[in-house]
Structures are given as C-alpha cells and as structure tokens.
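1. this is a predicted model, with the sequence first.
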Amino acid sequence: MKVLPKTQFGDPILQTRAKDVSTSFLKTTACKTLIKEMIYTMRRAGGVGIAAPQVGKNLRLAVMEMRPTPTRPHLERRGPVVVINPTILKLSKKTVSDWEGCLSLQGVRGLVPRAERVTVEYTNEQGERVTEHAEGFWARIFQHEIDHLDGVVYVERMQDMKTLMTVDEFKKRVVKKR
Ligand code: ZN
C-alpha cells in the first residue's frame, strides 16, 4: 500500500473549493484505490481524518477514523468512514473550543471553536446518500474535514492566535495540565 504525498499549508489546492465526486468516478478502481490509500496514509500519519485536497486531489472526498491517541486517550473508536460530497444540514448554536492539528500543517496545534453538534448528509463508500448526527470530537472531525473541501484550514477558524503552538509546547502547557 502506498503512502500518498501530502500537500502542505500554503498550497493553493488547500485554499480552493473542491469539485463534487461524480457517480461514475465513484465506481472506478481509481476511486476505490484512492480511498484505500487515503485511509492508509491517515493511519500511518496518526491522523483522525484526511481530505482529498490534502493528497493533491481536487475532490469532495474525505476519510475519518477516530481512536484513542496519546494526547486523547479517552476517545472512542469510530470508522473508518468515507465521506463523499458532504453537505452540512445543521450546526448547533452551542460551540466548544478544543485543540486541533492538521496533517497539512504538521507540528503545531491550535484552539478552535466549533459547533458541538452537526448534522451532515453525504454519500458513503457504497454510493448511498446518508444523514448522520454527530457530536463531540467526531462532530469536530466532520467540520475540520468539510472545511478542507471548502478550501478552509483550521487556523482560519481560530479566535485566539496566541493558542497556536508547537506540539512540544502543547504537550508542556496543555496535555500535562489535563
Ligand atoms: Zn486538516
């Protein structure tokens, strides 16, 4: 299995609204391979999600997978889930701030306010249109990945740029205090 090369913060593809995935492309071996390689790339990088623009593909496609991590040992296991042509139907008014990182902007973390709950409609790997209600960190991953499909990186969602810090500093100042 191939680890896909990742585009990095500043690359115009991360600043562009991605194109819808067509039904015909969804059925191709190329699409199935891309999905498998994106899941593999996400896992190898220790990420909880990756969007197609992050691997240089201008497509409204993302994969997500949640599991306990060293800095978030209490996360439950969810996924892997393939999210194609998603639409956010509803965002809760209530927002929560939590730490985010990004495989396109490695080595830093920042505090990002997001809706606590989200309702998303998307096409799954089987080509079915599904509606999902998500909350907590899973809802955060949805919002982070869908932002990528709209050309938005999490730092643009930050309210306090002073919370942008290196992973080392994050471990010292945030993880230790939990
Ligand atoms: Zn990201």
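-> Great, that's in hand. Numbers count the residues shown, from 1 in each chain.
2. only C-alpha atoms from now on, for both contacts and neighbour counts.
-> OK.
3. okay, buried residues for the longest strand along the chain please.
-> Taking DSSP state E as the criterion, the chain has its longest strand at strand 78-91. If you call a residue buried by 16 or more other Cα atoms under 10 Å, then strand 78-91 has these buried ones: 82-86, 91.
4. where do the helices sit along the chain?
-> In order along the chain, the chain carries the following helices (DSSP state H): 23-26, 29-44, 136-149, 167-170.
5. average pLDDT for the longest one?
-> So the one you mean is helix 29-44. Helix 29-44 shows a mean pLDDT of 97.
6. would you mind pulling the contact partners of that helix?
-> With Cα atoms under 8 Å, 6 or more residues apart in numbering as the test, helix 29-44 has contacts from 1-4, 25-26, 48-50, 52, 55, 63-64, 80, 82.
7. narrow the residues you listed to those in strands?
-> Going by DSSP E, the strands hold 49-50, 63-64, 80, 82 from the contacts of helix 29-44.
8. give me every residue that touches Tyr148.
-> If you look again at residue 148, you'll see it is His, not Tyr. His148 makes contacts with 14-15, 51, 53-54, as judged by Cα under 8 Å, 6+ apart.
9. report how many residues lie close to the closest residue to Val3 other than its chain neighbours.
-> Among residues not flanking Val3 along the chain, Thr41 sits closest, at 4.9 Å (Cα to Cα, 6 or more residues apart in numbering). Residues within reach of Thr41, counting by other Cα atoms under 10 Å, total 22.
10. likewise Gly151?
-> Gly151: 16 neighbours (other Cα under 10 Å).
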